[in-house]
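S.K.: Turn this into a model:
(one chain, ligands or ions: 1)
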Amino acid sequence: MPYHLPSIKGLTLKYSVLLGIGITLLLGGLVTLNLDNALQASRSADAVLPKILEQQRAALNLERLQHFGDLVIYAGDIHTKRQAALAAQALSYQPSAAYTDEVRQELHQAYQVIREILYQVLQSDQVDSRELIETRWQAQKHRLQKLGNQIIAEATKIQSQALESIAYNNIRLTYIGLVVAILVAAFIVIWGWWLAHKLIHPVQAASRALNALESGQKYQLAPAESQEMATIHQAVNKLAERVQDLHNWAHTDPLTGCANRRHFVDELNRLLDQLPKKAHPLGVAMLDLDHFKQVNDQHGHPVGDLVLRTLVVETTALLPNHALLGRLGGEEFALLLPALSMRECQQICEHIRLQISRATERHAALPHVTLSLGLTWCAPDHLPASGQGEVLLQQADQALYQAKHQGRNQVILAHPQPSMLSA
Ligand SMILES: Nc1nc2c(ncn2[C@@H]2O[C@H](COP(=O)(O)OP(=O)(O)OP(=O)(O)O)[C@@H](O)[C@H]2O)c(=O)[nH]1
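M.R.: So this is what the prediction gives:
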């Protein structure tokens, strides 16, 4: 077993832990960023709110100052006028972080105007100049209004900047979340691909191999990349080899390597099942070496074996596709010649007979031997039923007997049936 290969169990554990750590780190980072963002938003609100409130208060003070100025001019009784002037004084000297020097100056100036107006109002002899006072106050009021608007605009700007910053951070966080989600998905896809590559594909390959084995096909599994799968693949390959050996042992003649009697007869019956449907004829020939006993007696059994093997090699070389040579026993062989005309079957038998004679004559280690053949040929509509293959073998055997009887080293065609004559 290839122990140097990594084990799926170990690798799965290792990569699962790495995947878990990776995803936890990514999600942890995302959560930290989210918290940090929330904290920043809260800090920014904390920093901005007092400033905005201060500015609102300043703007309100400016408005109240205008109101007090109005009271000083328009109030009916002198007491209210004095009170308003006092309140205006308090307001104009009230400190505020939202006041710039310009604002502070303007406030003081506004109070000075109010004080002067009060003074003028109190001097009854100067009441005639009321129109002048109003005009002066309106100009002062206008400047106060302008400053109030400026302060409110400044507050609005600070507020929208803070909101923009929070919105920017939220968008940034959304993008980071998206990237994290893509990374997690990528990790999971890679993990799935790895599992498929290391585990599922080799299991599928082993399953295909076993299916092929069951249906009698050859299948060689490629080496796996993990200990466990390598063990399974090796076992399946060994099993395939054993099955192939058993198959060969059950179907092959051990001396010559051609089909044995069982395989030959099975194949004959299979053809009898198939050929009528396709309207193909079938030729069956029996082959028997002449005076083979003498070969054994004069040259020894090993030479006889070599003659048998030579017969198989030379005959196989002359066979067309789909033809089959089988050893029925001893020095007796048979041929299946499907989908060929009667003349083609005769020609093939004749070539084999000549070739065996020529080959053994030329072979230095072999005595010259000849071959007798009996051939039978069946048109598609005269083929015996499946399972009746022995009938054709008997017909061919009778023709072979005739060939032997008529002097050997010849091909005899079994008594032609009416259908044979037209072939
Ligand atoms: N060397 C060898 N001889 C075999 C084998 N199987 C059968 N034989 C021999 O084949 C011979 C068959 O002889 P016979 O049946 O008398 O036929 P023959 O001598 O060929 O005579 P004809 O067939 O009439 O021409 C016997 O001597 C068997 O021992 C084998 O596997 N190897």
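S.K.: Show me what from this structure comes close to the ligand.
M.R.: 255, 288-293, 296, 301, 304-305, 308, 330-331, 404, 408 (Cβ under 6 Å from any ligand atom). C-beta coordinates here come from the backbone N, C-alpha and C atoms, glycine included.
S.K.: Could you pick out the buried ones from these?
M.R.: Among those, those buried by neighbour count (16 or more other Cβ atoms under 10 Å) are Asp288, Leu289, Asp290, Phe292, Asn296, Gly304, Leu308, Glu331, Lys404.
S.K.: which one of the residues you listed sits closest to Gln109?
M.R.: Leu308 (135.9 Å; Cβ to Cβ).
S.K.: Isn't the closest one up against Gly257?
M.R.: No. Taking Cβ atoms under 8 Å as the definition, Leu308 is not a contact partner of Gly257, at 10.5 Å.
S.K.: Can you list the buried residues in the helix or strand hosting Thr360?
M.R.: Element membership for Thr360 (DSSP states H and E) is helix 342-362. By neighbour count on 16+ other Cβ under 10 Å, the buried set for helix 342-362 is 342, 344-346, 348-349, 351-353, 355-357, 359-360.
S.K.: Please identify which of those is nearest to Ala84.
M.R.: Nearest to Ala84 among these is Glu344, at 135.3 Å by Cβ to Cβ.
S.K.: Give me the below-cutoff pLDDT ranges for the protein.
M.R.: Within the chain, the ranges that satisfy pLDDT under 70 run 1-3, 124-128, 416-423.
S.K.: contact partners of stretch 339-356?
M.R.: 275, 278, 280-283, 285, 287, 289, 310-311, 314-315, 317-320, 322-323, 335, 337, 369-373, 375, 377, 409-411, 413, 416, 420, 423 (Cβ atoms under 8 Å, 6 or more residues apart in numbering).
S.K.: State the distance from whatever residue of the chain ends up closest to the ligand to His67.
M.R.: Nearest residue of the chain to the ligand: Gly304, at 2.6 Å (Cβ to the nearest ligand atom). Taking Cβ to Cβ, to the nearest Å as the measure, Gly304 falls 139 Å from His67.
S.K.: that older thread, may I have the secondary structure class of the nearest residue to the residue of the chain closest to the ligand once chain neighbours are set aside?
M.R.: The spatially closest residue to Gly304, leaving aside those adjacent along the chain, is Asn296, at 4.2 Å (Cβ to Cβ, 6 or more residues apart in numbering). When classified by DSSP: H, G, I helix; E, B strand; the rest coil, Asn296 comes out as helix.
S.K.: quick one: Asn296 and Pro302 touch, right?
M.R.: No. Using Cβ under 8 Å, Asn296 is not in contact with Pro302, being 9.5 Å away.
S.K.: This structure: helices as residue ranges?
M.R.: 8-74, 78-92, 101-122, 130-195, 201-214, 227-251, 261-278, 292-299, 301-318, 342-362, 389-405, 418-421 (DSSP state H).
S.K.: how about these, which one is nearest Leu383?
M.R.: helix 261-278 (5.4 Å).
S.K.: ok, and what's touching that closest one?
M.R.: Helix 261-278 is contacted by residues 250-252, 259, 281-282, 284, 324, 326-329, 334, 336, 338-339, 380-381, 383-390, 392-393 when judged by Cβ under 8 Å, 6+ apart.
S.K.: Of those residues, grab the buried ones for ChimeraX.
M.R.: Here is the ChimeraX command that selects only those of those that count as buried (16+ other Cβ under 10 Å):
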select :251,252,259,281,282,284,324,326,327,328,334,336,338,339,383,384,389,392,393
